[in-house]
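S.K.: Structure, please.
(2 chains)
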There are 2 protein chains.
Amino acid sequence: MLAKIHVTLKKGVLDPQGKAVHHALNDLGYPEVEGVQIGKYMEIRLAGVTSDEAEKRVQEMCEKLLANTVIESYRYTLESTE
Amino acid sequence: MLAKIHVTLKKGVLDPQGKAVHHALNDLGYPEVEGVQIGKYMEIRLAGVTSDEAEKRVQEMCEKLLANTVIESYRYTLESTE
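M.R.: Numbers count the residues shown, from 1 in each chain, chains lettered A, B, ... in the order given. Presented below is the predicted three-dimensional model:
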């Protein structure tokens, strides 16, 4: 099973990394760039769990470790690798 | 126009952050985790460009700034926001 997880900052949370990239792109000659948001993308390989178990446990992993739910939101999809 | 960009390490490139998360998840009681890969996810808002222009210019941005193409690969999709 492969879990594909996106963790992004919640709306209204300051994103200094995104701002830095935004300005860098404008300076590099891309004035069309109006905004940049930067998040994390994770792929987690799981073995020996059913897709129902994986669904529940990946959500737990996000809550406990992968996302800081005060300032970040997460979403994930599960793919069978068998 | 909204560009959604994934930047991930190429195969064979050491991923210490992924290894750290992998071990942390195992220690937290998730022995089913067999591997973790961590990358970046970026959303870039573009204004006043056609989708053909955006396609070309987002690729340039990735090559010049957003990805280190020696060790990272990138992929992106474009969505109309009008």
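
S.K.: Assign A:Gly35 to helix, strand or coil.
M.R.: When classified by DSSP: H, G, I helix; E, B strand; the rest coil, A:Gly35 comes out as strand.

S.K.: unless I'm mixing things up, it is touching A:His22, no?
M.R.: Yes: contact criterion Cβ atoms under 8 Å: A:Gly35 and A:His22 qualify, at 6.4 Å. The C-beta positions use only the backbone N, C-alpha and C, and glycine is treated the same way.

S.K.: which bits of chain A sit near chain B?
M.R.: A:6-8, A:18, A:21, A:24-25, A:28, A:30, A:32-49, A:54, A:57, A:61, A:64-66 (Cβ under 8 Å from any Cβ of the partner chain).

S.K.: neighbour-wise, which of A:Gly35 and A:His22 wins?
M.R.: A:His22 (20 against 14; other Cβ atoms under 10 Å in any protein chain shown).

S.K.: Now the more buried one: phi and psi?
M.R.: phi -60, psi -50 (degrees, to the nearest 10).

S.K.: from memory it sits against A:Pro31, does it?
M.R.: No: counting by Cβ under 8 Å, A:Pro31 is not a contact partner of A:His22; they are 11.1 Å apart.

S.K.: now the residue sitting furthest away from the middle of chain A, what's its secondary structure?
M.R.: Taking Cα atoms, centre = their mean, the residue of chain A most remote from its mean C-alpha position is A:Gly29, at 27.8 Å. Of the three states, A:Gly29 takes coil under three-state DSSP.
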